[in-house]
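1. let's see this in three dimensions:
(chains A and B)
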Amino acid sequence: MIPRKPLLLAAALPAALSGCISVKTPDKPIEINLNVAIRQEVVVRMQKDVETLINQNPEAFPRQPGTTTTTPPAPRQ
Amino acid sequence: MRRTLLLAAAGLLVAAGPALAQSGPTALLAVKSAGVIGERYDGYLGYVREPDSNAARVQTEAVNIRRRAIYTRFAGLHRLSPQDVGITAGCTTLARLEVGEAYMLADGQWRRREPGQPAPVPAYCTGG
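-> Prediction:
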């Protein structure tokens, strides 16, 4: 014999849950500009190292003689 | 015959290498200060207009090839994309622009660094 009560309860559970949780799809797509976020993080983290790389490879980054080797202030962390 | 020609061409390239390195990229620097070629936000040199001298074009291409190799190597060491390394380098090359030199930001427009104006640096360079 299968008891009837648990079955009835199980059937009632989704109905009860649907009353508690309401999931609504947003009208507009969620925009996450991931590229810019990653780029900024990379730029800020790597700027000093890349600047050193540039200074060490003057043949790839030629400059007029007599120009200052120092660059404007680097971004703060 | 073809092989000899190829060998001769290779020989010329080898001979031209040290010669170029000694004389320096003079044609490139001349067109750069004239604003014919300029620095791009992506870390490469670009053409504002076609340079008159073939030497300038050859030197520009050589510089870009060197830069690509440098960016790719650094990217491999730090697990980054070469594009992001180039963009990071672009922040420095843009910041180092001399007055009168041309630059291109992400909008694709060429501009010149004006006298008395600070070097144009994209917002992502400063972390703000």
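2. longest helix anywhere in chain A?
-> In terms of residue count, the longest helix belonging to chain A (DSSP state H) is helix A:34-56.
3. pull out the buried residues from that one.
-> By 16 or more other Cβ atoms under 10 Å in any protein chain shown, the buried positions in helix A:34-56 come out as A:39-40, A:42-47, A:50-51, A:53-54. C-beta here means a position set from N, CA and C on the backbone, and glycine is covered the same way.
4. B:F74: which of these is nearest?
-> Nearest to B:F74, judged by Cβ to Cβ, of the buried residues of helix A:34-56 is A:L53 at 5.8 Å.
5. look up how far chain B lies from the closest one.
-> A:L53 sits at a distance of 6 Å from chain B (criterion: Cβ to the nearest Cβ, to the nearest Å).
6. any idea how far that residue lies from A:M46?
-> Separation of A:L53 from A:M46 (Cβ to Cβ, to the nearest Å): 9 Å.
7. low-confidence regions, chain B specifically.
-> Residues of chain B meeting the criterion pLDDT under 70: B:1-24, B:128.
8. any idea which helix is longest in it?
-> helix B:54-78.
9. coming back round to it: what packs against the longest helix of chain A?
-> helix B:54-78, helix B:82-95, helix B:123-126 (3 or more Cβ pairs under 8 Å, 6 or more residues apart in numbering or on different chains; DSSP states H and E).
10. is it possible to get CSV of these that adds mean neighbour count and distance to chain A?
-> Below are the helices and strands packed on helix A:34-56 laid out as CSV (neighbours: other Cβ atoms under 10 Å in any protein chain shown; distance: least, Cβ to the nearest Cβ, whole Å):
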stretch, mean neighbour count, distance to chain A
helix B:54-78, 17, 4
helix B:82-95, 24, 5
helix B:123-126, 18, 4
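11. got JSON lines for the ones you listed, with distance to A:K28 too?
-> Output for the helices and strands packed on helix A:34-56, formatted as JSON lines (distance: least, Cβ to Cβ, whole Å):
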{"stretch": "helix B:54-78", "distance to A:K28": "35"}
{"stretch": "helix B:82-95", "distance to A:K28": "29"}
{"stretch": "helix B:123-126", "distance to A:K28": "25"}
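12. who touches the residue most central in space within chain B in this structure?
-> Centroid-nearest residue in chain B, with Cα atoms, centre = their mean: B:L45, separated by 3.2 Å. Applying Cβ atoms under 8 Å, 6 or more residues apart in numbering or on different chains to B:L45 gives the contacts B:32, B:37-39, B:60, B:63-64, B:67.
13. same deal with B:E101?
-> B:32-33, B:35, B:38-39, B:112-113.
14. distance of it from A:D49?
-> Counting by Cβ to Cβ, the gap from B:E101 to A:D49 is 25 Å.
15. next, the residue nearest to the centre of chain B: phi, psi?
-> When quoted as degrees, to the nearest 10, the phi and psi of B:L45 stand at phi -80, psi 150.
16. now do B:P115
-> Here B:P115 shows phi and psi, under degrees, to the nearest 10, equal to phi -60, psi 140.
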